[in-house]
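Peer 1: Just to be clear, the model below is a prediction. Sequence and coordinates:
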Amino acid sequence: MGKSRLFRIFLILGSVFMILLIIIYWDDVGATHFYLHTTISGPHSSRLPPEGHAAPKQKSEEDRDGSFLSDIDAFVNQFLEGTPDPTEQVRGETPPGETHNQSSEKPEERFVPRREWKIHLTPIAIEKKQRQDSRKQMIHDLCSSNSSLDFPGKNRTFDDIPNKELDHLIVDDRHGIIYCYVPKVACTNWKRIMIVLSESLLVDGVPYQDPLDVPAELIHNSSLHFTFNKFWKRYGKFSRHLMKIKLKKYTKFLFVRDPFVRLISAYRNKLEQENEDFYKRFAVIMLKKYGNYSDPPASVVDAFAAGIRPTFSNFIQYLLDPDTEKAMPFNEHWRQMYRLCHPCQINYDFVGKLETLDEDAEHLLRILRVDNVVEFPPSHRNRTVSSWEQDWFANIPYESRKELYKLYEADFRLFGYSKPEKLLHE
């Protein structure tokens, strides 16, 4: 073998090693800031400077940089696309009697080093599969360009979604799972599950194994959940590309709920009960604008002691007021579900509903093959149900009800909830 050929081989190997080193130790080498505002698509960037505004020397340097970054893009794409799919045996059940050789077990050991996936010999009930097919088909049909349903953001691409709007997508790399959490839809218990599966919280150096053992005050701690909006800090310019790879390979799920019942639940939990944070951020505004209180008490304790709190009617007025979202986006507890989870841009593998929570939770954990690792915690709390709607909306004018339905119509239709005709007609 000639010296020149050896030199070329060593040069290629050295380059590959340096690229991998940069990827693995991204934070340590300080490259994050360098790539923060560089799009992954290279030549398709929408941030290219106007022609004629850069000096020739500057342009040649940018060309060299673009060529270098494109080479890295190509390498990372090939490297990631060639990695084993951690969930390739999760979405489809292994046929009975099929055995795994040693090479097929290694990808599982890489993602689940502590426990094995559970293998079921009996098939999932056909009615459960049909239920999922129906829910996913509904979303697919209504997200198509031929659908009569129209709502903000329907036709945008995944790349068009701002980073800050991807903060509800929790990733578990150990098991190849992505969960989009929707507040007021059993998200506390599902977050418990994700903490146990990802082993993101330790006690005396040992991960929690029972979801109910996870301290209540830590469940919603954002530092325990690795969400898509955190990718840019860890992966820089590769973040969107990695998101797409994980969306393609991982099992993605969300749970939804009747939109009006979810609003009632949010009001009961955040505004009808003493909550200092929500009182100062939202209740005071509602009391001043819609409750005829020019100077409401400064604290929630004083307000509740005086019998002062926003009514459900005040809450609905707040939601329908066009000025509300001019000041800030809806809080996550009453923001539309499609705005939290982007079902027209993300092809979910499982769509659960709170109305069928127990069956859906059992079905999902079996699909993920982690039902030998965790059990979905039972819910003993007083859950808001749809039969209460008539009473809660009794004092809401019919025109306001119709406006509210229009505001949440996309959630009703995308997730298969019937239009509440009794509430909308006199």
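Peer 2: On my side now, so go ahead. Residues are numbered from 1 along each chain as shown.

Peer 1: Where does pLDDT dip in the chain?
Peer 2: 1-3, 20-118, 121, 380-382, 426 (pLDDT under 70).

Peer 1: mind listing the strands in it by residue range?
Peer 2: With DSSP state E as the criterion, the chain has strands at 169-172, 177-180, 202-203, 206-207, 251-256, 350-353.

Peer 1: Could you verify my assumption that Asp360 touches Phe255?
Peer 2: Yes - at 7.2 Å, Asp360 counts as touching Phe255 under the criterion of CB atoms under 8 Å. The C-beta positions use only the backbone N, C-alpha and C, and glycine is treated the same way.

Peer 1: neighbour count winner among those two?
Peer 2: Higher neighbour count among Asp360 and Phe255: Phe255, with 26 against 23, using other CB atoms under 10 Å.

Peer 1: Contact partners for that one?
Peer 2: Residues counted as contacts of Phe255 (CB atoms under 8 Å, 6 or more residues apart in numbering) are Val182, Val185, Ala186, Cys187, Trp190, Val351, Gly352, Lys353, Leu354, Leu357, Asp360.

Peer 1: Quick one: buried ones out of those?
Peer 2: Those of the contacts of Phe255 that meet the buried threshold are Val182, Val185, Ala186, Cys187, Trp190, Val351, Gly352, Lys353, Leu354, Leu357, Asp360, by 16 or more other CB atoms under 10 Å.

Peer 1: For the strands of the chain, give me CSV that also has distance to Asn275.
Peer 2: Putting the strands of the chain into CSV (distance: least, CB to CB, whole Å) gives the following:
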stretch, distance to Asn275
strand 169-172, 24
strand 177-180, 24
strand 202-203, 28
strand 206-207, 31
strand 251-256, 23
strand 350-353, 27
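
Peer 1: Pick the most deeply packed of these.
Peer 2: Among those, strand 177-180 has the highest mean neighbour count (mean count of other CB atoms under 10 Å), at a mean of 26.

Peer 1: Tell me the neighbouring strands of that strand, and mark each as parallel or antiparallel.
Peer 2: strand 169-172 (antiparallel), strand 251-256 (parallel) (DSSP bridges).

Peer 1: Asn163: what's its closest spatial neighbour, skipping adjacent residues?
Peer 2: Asn229 (5.0 Å; CB to CB, 6 or more residues apart in numbering).

Peer 1: measure that neighbour to Ile170 for me?
Peer 2: Noted for Asn229: a distance of 11 Å to Ile170, by CB to CB, to the nearest Å.

Peer 1: For the nearest residue to Asp159 once chain neighbours are set aside, the count of nearby residues, please.
Peer 2: Among residues not flanking Asp159 along the chain, Arg240 sits closest, at 6.3 Å (CB to CB, 6+ apart). Residues lying near Arg240 (other CB under 10 Å) number 20.

Peer 1: now do Ile139
Peer 2: Neighbours around Ile139, by other CB under 10 Å: 20.

Peer 1: again with Gln132
Peer 2: 19.

Peer 1: contacting residues around it?
Peer 2: Phe350, Val351, His363.

Peer 1: which one of those residues is nearest Val261?
Peer 2: Of all the contacts of Gln132, Val261 sits closest to Val351, with 17.0 Å by CB to CB.

Peer 1: Contact partners for that closest one?
Peer 2: Gln132, Arg135, Lys136, Ile139, Phe253, Leu254, Phe255, Val256, Phe415.

Peer 1: Okay, and the beta partners of the nearest residue to the second one once chain neighbours are set aside?
Peer 2: Leaving aside its chain neighbours, Arg135 sits nearest to Val351 (4.2 Å; criterion: CB to CB, 6+ apart). The residues listed as beta-bridge partners of Val351 by DSSP bridges are Leu254.

Peer 1: mind checking how far Val351 is from Cys341?
Peer 2: 10 Å.

Peer 1: Identify the contacts common to those two.
Peer 2: Leu254.

Peer 1: before we move on, back to that, looking at the strands paired with strand 177-180, which is closest to Thr384?
Peer 2: If we rank those by CB to CB, the stretch that ends up nearest is strand 251-256, at 14.5 Å.

Peer 1: gap between the closest one and the chain center?
Peer 2: Mean-position distance between strand 251-256 and its chain equals 8 Å (CA atoms, centre = their mean, to the nearest Å).

Peer 1: ok, which pair from the contacts of Phe255 is furthest apart?
Peer 2: Largest pairwise distance in the contacts of Phe255, by CB to CB, is 14.8 Å, between Cys187 and Val351.

Peer 1: Just give me the residue right at the centre of this structure.
Peer 2: Leu169 (2.2 Å; CA atoms, centre = their mean).

Peer 1: List the residues that contact that one.
Peer 2: Contacts of Leu169 by CB under 8 Å, 6+ apart are Ile178, Tyr179, Cys180, Thr227, Phe228, Asn229, Cys341, Ile346.

Peer 1: Now it: closest residue in space that isn't a chain neighbour?
Peer 2: Looking at Leu169 with CB to CB, 6+ apart, the closest residue is Phe228, at 4.3 Å.

Peer 1: Contact partners for the one you found?
Peer 2: Asn163, Leu166, Asp167, Leu169, Val171, Met243.

Peer 1: Between which two of those is the distance greatest?
Peer 2: Longest span within the contacts of Phe228, CB to CB: Asn163 and Val171, 14.3 Å.

Peer 1: Run a quick check on Asp172 versus Ile193, I expect a contact.
Peer 2: No - taking CB under 8 Å as the definition, Asp172 is not a contact partner of Ile193, at 9.2 Å.

Peer 1: circling back: let me know the distance separating the residue nearest to Arg135 from Gln137.
Peer 2: From Val351 to Gln137 the distance is 10 Å (CB to CB).

Peer 1: that older thread, mutual contacts of Asp360 and Phe255, please.
Peer 2: With CB under 8 Å, 6+ apart, Asp360 and Phe255 have common neighbours Gly352, Lys353.

Peer 1: ok, for Leu149, nearest residue in space, not its chain neighbours?
Peer 2: Leu149's closest residue in space is Leu142 (CB to CB, 6+ apart), at 4.8 Å.
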